[in-house]
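1. Turn this into a structure:
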Amino acid sequence: LAEVEKKLNDEQVQYLRHCYVINKHPGLAKAKEIAEQWNVAGFYFTSIVMRWFYARRMSEPMVPIRRFEAPNAAA
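-> All right, here's what the predicted structure looks like:
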């Protein structure tokens with residue numbers, strides 16, 4: 001997730017986070033729409049947007065697991 005966010009500016013990351021709250025599985029059409037809104041049409045940028053959503057979804061289940069493991073590690 002951090003690697004993908006390095007390729008985006010802060011405003012773009014905030015917008016993607018907002019879109020993620022609304023729709024966690026946007027699909028290719030929505031990724032293209034986002035790229036066109038930023039006037040950065042093209043396969044490469046669309047793939048960056050898709051990778052961001054994928055990485056965000058993959059990092060989400062780890063939060064509860066880490067919360068569970070943290071108290072056990074301290075004990």
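2. Pull the contacting residues for residue 7.
-> Listed by CB atoms under 8 Å, 6 or more residues apart in numbering, the contact set of residue 7 reads residue 48. (Glycine included, C-beta is placed from N, CA and C.)
3. redo that, cut-off 10 Å
-> 13, 44-45, 48, 51-52 (CB atoms under 10 Å, 6 or more residues apart in numbering).
4. what does residue 37 give?
-> 12, 15.
5. That one and residue 6: what is the separation?
-> The spacing between residue 37 and residue 6, counted by CB to CB, to the nearest Å, is 21 Å.
6. for the chain, which helix is longest?
-> Across the chain, the longest stretch assigned as helix under DSSP state H is helix 43-59.
7. What is it packed up against?
-> helix 2-5, helix 10-22, helix 27-37 (3 or more CB pairs under 10 Å, 6 or more residues apart in numbering; DSSP states H and E).
8. Specify the angle between the longest one and helix 43-59 in degrees.
-> Computed with axes from the mean of the first three to the mean of the last three CA atoms, to 10 degrees, the direction of helix 10-22 lies at 50 degrees from that of helix 43-59.
9. got the buried residues for helix 10-22?
-> Residues of helix 10-22 classed as buried: 12-13, 16, 19-20 (neighbour count, 16 or more other CB atoms under 10 Å).
10. picking up where we left off before, out of the helices and strands packed on helix 43-59, flag the one nearest residue 57.
-> helix 10-22 (8.4 Å; CB to CB).
11. for the closest one, the distance to its chain's centre please.
-> Helix 10-22 sits 8 Å away from the centroid of its parent chain (CA atoms, centre = their mean, to the nearest Å).
12. Looking at that helix now, give me its mean pLDDT.
-> The average pLDDT for helix 10-22 rounds to 94.
13. Same list, the buried residues of helix 10-22, but as CSV with distance to residue 30 please.
-> As requested, the buried residues of helix 10-22 are exported to CSV (distance: CB to CB, whole Å):
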residue, distance to residue 30
12, 15
13, 16
16, 11
19, 8
20, 11
